[in-house]
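Engineer: When you get a sec, could you give me coordinates for this:
(2 chains)
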Amino acid sequence: MNRILTFAKASLEEALEQVAFAPLTMLDEPFDWLDGDLIWSEIQLCAPLSGTLVLGAPRTTVQPLAADAWGGEEDGANPGEAFLSEMVNIVAGQILANLFPAREPWIGLPVYGEGPRTVAPHALSLCVDVDVGRVGLLLELEAAEPLHLVPFTNKIAEGVK
Amino acid sequence: MKDVLIVDDSALARMIMRRSLSAAGLGDSQIREVPDGAAALEAMRGGVPDLVIADVNMPNLDGEGLLLALRADARLQGVRVLICSSTMSPAKAARLISLGAGAVLKKPFSPHELRGALTGVLGAS
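Structural biologist: Sure, this is the predicted structure:
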């Protein structure tokens, strides 16, 4: 697996476990980003990497995950939107902070969307199963980013087997 | 009883922090919540909290801007601040501490990590 995707998977796994108490299983199949029932949240990666991170899932998958995260304390906000937005924020921050521990990560604010999501041709993607359905992760890095120059820190050495 | 101000644009993150504070032994605190740094400064006109727990990445005024505003205000510069963010590399954590944060915490956090951070920040200053 691509080194950045390895970090993305670890970050998603930790966030899902901590926020929604949901373990995940990696799937080798592509995620269906054209599903009309999809809801998603995306966030800009500003530095040290530039690009966009997207997290999405069918509404029927997000609802039980969000319910577990909120634990019955929804405060009137759209629970699914709040859940996905917090998740994408956490995963984006974690990816950058873990890849570049000696630098300061900068990300934008989550943007929520519903329906099919166009996928850039060069996008890196993950599809995971979380018991209640599938969750997709897209990483659309700006093409000029030299992935091979990502420093191979001790942290990465520990995380990548 | 402590007065705690949670500053985060995510309603879910605020709820998680509220729940976590209760689990960490601060359940009897008066907890106020606002969605960004500007709203936090406004809220502090109504009373200076014992502790501000702020995200970094927020609209209007982010956590770093809030920290700087607090340290520049004679009335508020003694307020203890815990910064809690997903974008928390060691480099960023060091700079936020140098700007006056009492402790930093990486999202997502465990109750144990929150307790440690609270001990750090409430034991500081």
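Engineer: can we go C-alpha only for contacts and neighbour counts from here?
Structural biologist: OK.
Engineer: so which helix or strand takes in the closest residue to chain B within chain A?
Structural biologist: Each residue of chain A has a distance to chain B, by C-alpha to the nearest C-alpha, and the smallest belongs to A:Gly93, at 4.1 Å. Element membership for A:Gly93 (DSSP states H and E) is helix A:79-99.
Engineer: touching chain B at all, whichever helix or strand comes after that helix?
Structural biologist: With elements assigned by DSSP H and E, the helix or strand that comes after helix A:79-99 is strand A:106-107. Yes - residues of strand A:106-107 contacting chain B under C-alpha under 8 Å from any C-alpha of the partner chain: A:Trp106, A:Ile107.
Engineer: Which other helices and strands does strand A:106-107 contact?
Structural biologist: Other helices and strands packing on strand A:106-107, by 3 or more C-alpha pairs under 8 Å, 6 or more residues apart in numbering or on different chains; DSSP states H and E, are strand A:38-47, helix A:79-99.
Engineer: please redo it, this time with the cut-off set to 7 Å
Structural biologist: Under the contact criterion of 3 or more C-alpha pairs under 7 Å, 6 or more residues apart in numbering or on different chains; DSSP states H and E, strand A:106-107 touches strand A:38-47.
Engineer: Confidence-wise, which helix or strand of chain B is lowest on average?
Structural biologist: When the helices and strands of chain B are scored by mean pLDDT, DSSP states H and E, helix B:111-123 comes last with a mean of 89.
Engineer: For burial, what's the neighbour tally of the residue of chain B found nearest chain A?
Structural biologist: Of all residues in chain B, the one sitting closest to chain A is B:Thr87 (4.1 Å; C-alpha to the nearest C-alpha). B:Thr87: 28 surrounding residues under other C-alpha atoms under 10 Å in any protein chain shown.
Engineer: Pretty sure it sits in a strand.
Structural biologist: No - according to DSSP: H, G, I helix; E, B strand; the rest coil, B:Thr87 belongs to no strand; its state is coil.
Engineer: Run through the residues that contact the residue nearest to it when sequence neighbours are not counted.
Structural biologist: Distances taken as C-alpha to C-alpha, 6 or more residues apart in numbering or on different chains place A:Gly93 nearest to B:Thr87, at 4.1 Å, with adjacent residues excluded. Listed by C-alpha atoms under 7 Å, 6 or more residues apart in numbering or on different chains, the contact set of A:Gly93 reads A:Pro105, B:Ser86, B:Thr87.
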